[in-house]
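A.B. asks: output the structure for:
(one chain, ligands or ions: 1)
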Amino acid sequence: MSTEVLAKVDVEIHHTDCFINGQWLPAKSGKTFPTINPATEEVIAMVAEGDAADVDAAANAARNAFDSGPWREMDARDRGRLMYLLADRMEQEIESLAALETLDNGKPYQDSLNVDLPLAIDCLRYYAGYADKIHGSTIPIRGNHFCYTRKEPVGVAGQIIPWNFPVLMVAWKWGPALAAGCTIVMKPAEQTPLTCLRLAQLAKEVGFPDGVINVVPGFGPTAGAAVVKHPLIDKVAFTGEHRTAQTITRDSAETLKRLTFELGGKSPNVIFEDADLDAAAQGAYVGLFLNQGQCCCAGSRVFVHESKHGEFLEKLKRLTEQRKVGDPFASGTEQGPQVDRAQFDKIMSYIEKGKNEGATCVTGGQRVGETGFFVAPTIFDGVQDDMSIATDEIFGPVLSVLTFKDKEEIIRRANDTFYGLAAAVWTKDVALAHEFAARVRAGTIWVNCYDVFDAAAPFGGFKMSGHGRELGEEGLKAYTESKTVTVALQ
Ligand code: ADP
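C.D. replies: Modelled structure (predicted):
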């Protein structure tokens with residue numbers, strides 16, 4: 001274990017209250033809830049348990065900042081400048097932010113430091129560059145009229161995020177909202193509120209005006225639902241489970257919120273006969289085990305051509321058995337604990353189901369250690385399409401291997417899921433790759449790669465995996481309204 005890295009765990013927890021109108025405030029109810037270190041099961045800190053009353057204060061602050069505060073009048077370039085400053089501050093504090101992320105979430109410190117934080121910083125910079133480049137068009141219409149559109153901010157954005165990529169989800173949500181000129185009421189996940197609260201403080205310190213960013217930690221059915229129902233909030237951007245999105249859709253009916261959803265998946269990762277098997281095995285390994293398997297786009301259904309099954313499985317098994325599971329702050333750790341007891345129990349129950357339904361557990365299948373929510377990287381072979389480990393999103397380090405014979409069959413089976421977030425294909429045949437990309441109904445298709453993300457590349461789902469896209473230019477659309485202006489010229 002590296003003492004250099006461990007020293008960073010001593011990072012002080014400064015912010016556990018609600019951040020509303022530039023102030024740190026306890027929940028109006030006075031209630032708090034614990035946030036747990038999933039590696040030790042110890043309480044890290046007690047956090048304000050915001051609910052409807054706090055969301056109301058946050059919504060009012062965000063509304064005032066949007067309607068009459070300096071934000072609305074601010075030059076778009078200055079708005080972008082503030083975003084760059086926030087990204088710079090994050091870069092200056094990257095080690096303590098990464099440590100805080102690892103403490104609260106359990107992901108390896110090396111991943112927080114080298115993957116999550118850099119991607120989040122990059123995302124904010126990407127959208128900072130957009131702040132002064134959001135504009136409408138001039139439109140030739142009949143008669144003697146001048147017609148043009150304005151792209152205006154949608155208003156107050158309610159943002160509800162999950163626990164699997166806490167810092168990155170903040171950047172994905174704040175980036176386009178701030179660039180577009182919206183103000184924000186964010187509810188971080190109850191499992192991982194700490195980095196979001198820290199980022200709110202950094203935003204304050206670099207000069208974001210009061211009320212532009214508000215953060216209300218708390219639980220989904222109370223604080224989250226209050227964001228969804230609040231009449232002063234114009235839109236809700238949500239990342240999480242499809243069942244929660246269904247509740248949000250119902251709860252938002254009264255106020256007709258604009259909604260964007262990024263939900264779950266059961267993504268097919270398809271390896272054809274002609275694929276580079278070493279690369280495909282590596283892609284299958286990373287595509288599922290990254291982030292303890294807690295990725296909405298995890299390649300959890302790995303389909304390999306039957307002629308390559310044995311060879312592929314051998315390679316995949318070798319990689320998986322070498323995976324280093326343990327203290328997320330220790331150097332060399334590749335896999336930390338699952339985020340909490342509920343996720344751990346759910347994953348262990350799916351492992352039992354896989355065994356009971358007749359799949360073969362070729363490696364893993366058990367808990368690691370006795371403290372902390374560690375699960376051994378697990379591969380099931382001989383999986384059939386109708387087994388629950390092949391149909392349900394497990395959100396853990398459990399990979400299912402299935403086989404196929406031909407193209408038509410595999411495209412049908414790849415699509416045979418109510419999700420449609422991502423898919424991958426491994427082949428040297430360019431035509432086949434493009435045909436797969438065109439015919440598989442998913443928001444992202446990776447060809448001979450997996451989990452390649454970039455702030456410029458849109459991400460989101462078909463079917464029950466959501467609607468709307470985040471990232472890229474498309475990600476801005478969710479935060480703008482189009483206004484048509486027509487001027488009589490005589
Ligand atoms: P997970 O099971 O991965 O935690 P959820 O969809 O339950 O996924 O949670 C994602 C986010 O949605 C969290 O911030 C959670 O608090 C919030 N949430 C849960 N239920 C609701 C709800 N009814 N309304 C609004 N937000 C909710």
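
A.B. asks: gap between the two ends of stretch 422-431?
C.D. replies: Taking C-alpha to C-alpha, to the nearest Å, the first and last residues of stretch 422-431 lie 19 Å apart.

A.B. asks: what's next to that stretch, contact-wise?
C.D. replies: The contact list for stretch 422-431, computed with C-beta atoms under 8 Å, 6 or more residues apart in numbering, reads 265, 267-272, 274-276, 279-280, 283, 287, 297, 299, 414, 432-433, 436-437, 440, 442-450. From N, CA and C alone the C-beta is placed, and that goes for glycine too.

A.B. asks: buried residues in that stretch, which are they?
C.D. replies: Within stretch 422-431, the residues that count as buried by 16 or more other C-beta atoms under 10 Å are 422, 423, 424, 425, 426, 427.

A.B. asks: swap in stretch 224-244?
C.D. replies: Buried positions in stretch 224-244, judged by neighbour count with 16+ other C-beta under 10 Å: 224-230, 232-242, 244.

A.B. asks: can you count the residues close to residue 323?
C.D. replies: By the other C-beta atoms under 10 Å criterion, the neighbourhood of residue 323 contains 16 residues.

A.B. asks: any idea how far the nearest residue to it once chain neighbours are set aside is from residue 266?
C.D. replies: Using C-beta to C-beta, 6 or more residues apart in numbering and skipping residues adjacent in sequence, the residue nearest residue 323 is residue 377, 4.8 Å away. For residue 377, the distance to residue 266 equals 18 Å [C-beta to C-beta, to the nearest Å].

A.B. asks: so the closest residue to the ligand within the stretch 351-490 of the chain: helix, strand or coil?
C.D. replies: Distances from the stretch 351-490 of the chain to the ligand, computed as C-beta to the nearest ligand atom, single out residue 395 as the nearest residue at 6.8 Å. State at residue 395, reduced to three classes by DSSP: H, G, I helix; E, B strand; the rest coil: coil.

A.B. asks: how close does it sit to residue 449?
C.D. replies: On the measure of C-beta to C-beta, residue 395 and residue 449 end up 22 Å apart.

A.B. asks: what about those two, which has more around it?
C.D. replies: The neighbour comparison of residue 395 against residue 449 (other C-beta under 10 Å) goes to residue 395, with 25 against 13.

A.B. asks: now that one, what are its backbone angles?
C.D. replies: Here is the backbone geometry of residue 395 (degrees, to the nearest 10): phi 60, psi 50.

A.B. asks: over to the one 5 residues further on?
C.D. replies: The phi/psi pair for residue 400 (degrees, to the nearest 10) reads phi -110, psi 130.

A.B. asks: also residue 152?
C.D. replies: Per-residue torsions, residue 152: phi -110, psi 150 (degrees, to the nearest 10).

A.B. asks: could you find the closest non-adjacent residue to it?
C.D. replies: The shortest distance from residue 152 to any residue that is not its chain neighbour, by C-beta to C-beta, 6+ apart, is 5.1 Å, and that residue is residue 481.

A.B. asks: need phi/psi at that neighbour.
C.D. replies: Backbone torsions for residue 481, taken as degrees, to the nearest 10, come to phi -110, psi 150.

A.B. asks: so residue 457 lies in a strand, does it not?
C.D. replies: No: the assignment for residue 457 by three-state DSSP gives coil, which leaves it out of any strand.
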